[in-house]
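Undergrad: Got a sequence here, can you model it:
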Amino acid sequence: MLKHNRPNSSLEYLRPSPVRGQLEPQDSQTAKGWRYLQTTDTLDELKVLIPPNTASMYEQLLKLETLELAKKSVTWDRLLEIRHLKDRMIRKCQKLSKALPTRRIGHGDPFTFQTLVAPADFRLKEMEKWFRQQQTRISSVGSQRPIGHARTTNARGSYCCARCASNPQYRHHSKAKGSSSVANLTPPPLFTEEPEPMIPSPSPTPPKAVSPEPLPHLLRSSMAMALMNQNHTMETTTVTTALQETTTRLNGSVSKIESTTHKLRHQRSCIKRSNTGDSVKTVSWADDRDLMERVGKFTNATKGAQEIGKLFYILRLNTRRKVLSPCRR
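TA: Take a look at the predicted model:
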């Protein structure tokens, strides 16, 4: 990794941008966890409200940047990765704006301030992948650290300090002392002989007889077996009664279902045809009075029109006959 020692100068060039890429504090008017992100160097020129998960992850990225800049030796590879992710987040937020940014101020181009709201599933997969890689790297380093610590303690355990380790006389003395202490140590015996119990001498007074504890097989007496049989019979009776109740309930439900199906099979049809011979259908559950009135008016009008047509045809024939009769004469 590339590292750079911070120079002793008054120029603070190793610092983040004061506006661009910064997260605003939690606003009371927005939902919980949603925060504004500044995407330009001008304050509030284009700020985007991002969802809670993305906002918290981006906030951790900004904290890592400040920690990296606070070190005496900056790791440039890590710093460039963090700033690349910041730039990717800013560009993705800028793509949400449909209006083009002003390129030349002062030449008639309007300068507008925009505030956008990102969708709820707004995320940066590249940033999530980078955080997962950092987590695995930290876990692998943490698992390797105790092994190295144990090795160093074992290597330095023979001397109390660096001066004693560098002194050859003390080194020779410590080696001899260690070898003698090792030689004096004897391994523990594999088998230990147990002392035999001492048989007491017979006393002139006989010992008092003490009744022993009841053996386990005495628990299964005739009374206990009778109680077990009684409990077994009670359990069997309860099980049989429960089975009978369930069978009666099932039979009742089956009979109800059969009765309902039997009733539905013999039910009369609800749709009936009228005796007039037309194609109008009446439904028993529908309110069709208005429809019947309209259909009746229509049929009466058609019948009247047909009758008028017949009368007009007869009148035309009569007038034609009257007109043609003198010509024939």
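Undergrad: packing partners for the host helix or strand of Val295?
TA: Element membership for Val295 (DSSP states H and E) is helix 289-328. Using 3 or more C-beta pairs under 8 Å, 6 or more residues apart in numbering; DSSP states H and E as the contact test, no helix or strand touches helix 289-328. Placement of C-beta: from N, CA and C, glycine included.
Undergrad: Report the mean confidence score over that helix.
TA: Across helix 289-328, pLDDT averages out at 88.
Undergrad: what's the answer for stretch 64-72, then?
TA: 89.
Undergrad: Give the buried residues for it.
TA: Leu64, Glu65, Glu68 (16 or more other C-beta atoms under 10 Å).
Undergrad: Same question for stretch 70-81.
TA: Val74, Arg78, Leu79, Glu81.
Undergrad: gap between the two ends of it?
TA: 17 Å (C-alpha to C-alpha, to the nearest Å).
Undergrad: From the buried residues of stretch 70-81, which land in strands?
TA: Val74 (DSSP state E).
Undergrad: Tabulate the buried residues of stretch 70-81 in a markdown table, adding columns for distance to Gln94.
TA: Formatted as a markdown table, the buried residues of stretch 70-81 follow (distance: C-beta to C-beta, whole Å):
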| residue | distance to Gln94 |
| --- | --- |
| Val74 | 28 |
| Arg78 | 25 |
| Leu79 | 23 |
| Glu81 | 21 |
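Undergrad: And the pLDDT at Ser180?
TA: Taking Ser180 on its own, its pLDDT is 46.
Undergrad: go on, Ser143?
TA: Predicted confidence (pLDDT) for Ser143: 75.
Undergrad: That one - that's part of a helix, no?
TA: Yes - Ser143: assigned to a helix according to DSSP: H, G, I helix; E, B strand; the rest coil.
Undergrad: Would you mind measuring from it to Thr136?
TA: 11 Å (C-beta to C-beta, to the nearest Å).
Undergrad: ditto for Leu315
TA: 104 Å.
Undergrad: Okay, now the unreliable bits of the chain?
TA: 1-14, 99-111, 145-240, 242-243, 246-288, 328-329 (pLDDT under 70).
Undergrad: does Thr66 belong to a helix or a strand, and which?
TA: helix 52-70.
Undergrad: Just list what that helix packs against, helices and strands only.
TA: strand 35-38, helix 76-94, helix 125-155.
Undergrad: Of all the ones you listed, which one is nearest Ala118?
TA: Set against Ala118 and scored by C-beta to C-beta, the helices and strands packed on helix 52-70 come closest in helix 76-94, at 7.0 Å.
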